[in-house]
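# coords please:
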Amino acid sequence: MGTFADSDSGRLFYHGDSMRRVFRDGDLLEWKGVPASSLRRGDVVAMAGRGRAGSNIVHRVIAVSPDGVSTQGDNNRTPDLWTTPLDEMVGLVVAAVDANGRKRLVRGGNRGRMSFVWHSFRRRFRLFFSAPANMLIGMMFWRRKLPAPVAVGGMMQYVVDGRLVAIGSANGEVRFINDFDRLKYRI
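Residues are numbered from 1 along each chain as shown. Modelled structure (predicted):
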């Protein structure tokens, strides 16, 4: 099968979100040409001309076939829609150099697959818990003070943005309309 890169090695700059946590914007990625038969699931590869304006894309291999490789970014929800032929591959990414000059090796193979699984789990966990958690945290620690009540027929009504939030009785007791408002507002 031969190597899938025209030259033995090279460098390219990384930019984007699809492999965030593995790479950061501005990282200098080092790649090398390897025999196509040695490509494994979990390896990180650079593909030529698949990005915006013909730029390279760096993603993780999720499947290898005689037609090419299927890839997916660690932070992408779905695999790439295409199978990349081996002649469009730039190389196997082996290291990344950050802005401070620190070099770190890129995990490939089984360790790369475990990294991919971990990033997928973190992404799903964040998506599942972030909205309710942010809502509760915002309501509990930054509770807004209720505006001055409006007297209506012997009762006090607390209205926020045209919506009835709480009702107050003559003896000073305040009852919220729903539980979320109780968490969101303070008296």
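# CA only for contacts and neighbour counts going forward, please
OK.
# Give me the sheet partners of the helix or strand encompassing residue 62 and which way each runs.
In this structure, residue 62 sits in strand 57-65 according to DSSP states H and E. In the sheet, strand 57-65 lines up against strand 44-47 (antiparallel), strand 68-72 (antiparallel) (DSSP bridges).
# hang on, residue 125 in a helix?
Yes: according to DSSP: H, G, I helix; E, B strand; the rest coil, the state of residue 125 is that of a helix.
# buried sites along the strand holding residue 62?
57, 58, 59, 60, 61, 62, 64 (16 or more other CA atoms under 10 Å).
# wait, isn't residue 98 in contact with residue 30?
No: Residue 98 is beyond contact range of residue 30, at 11.3 Å (criterion: CA atoms under 8 Å).
# who's more crowded, the two?
Taking neighbours as other CA atoms under 10 Å, residue 98 and residue 30 compare with residue 30 leading, 21 against 16.
# how much does the helix or strand containing that one deviate in direction from strand 57-65?
In this structure, residue 30 sits in strand 28-32 according to DSSP H and E. With axes from the mean of the first three to the mean of the last three CA atoms, to 10 degrees as the basis, strand 28-32 and strand 57-65 are set at 30 degrees to each other.
# Apart from its neighbours in sequence, what residue is nearest the residue nearest the centre of the chain?
With distances taken as CA atoms, centre = their mean, residue 75 lies nearest the centre of the chain, 4.5 Å away. Once flanking residues are discounted, residue 75 sits nearest to residue 18: 4.9 Å by CA to CA, 6 or more residues apart in numbering.
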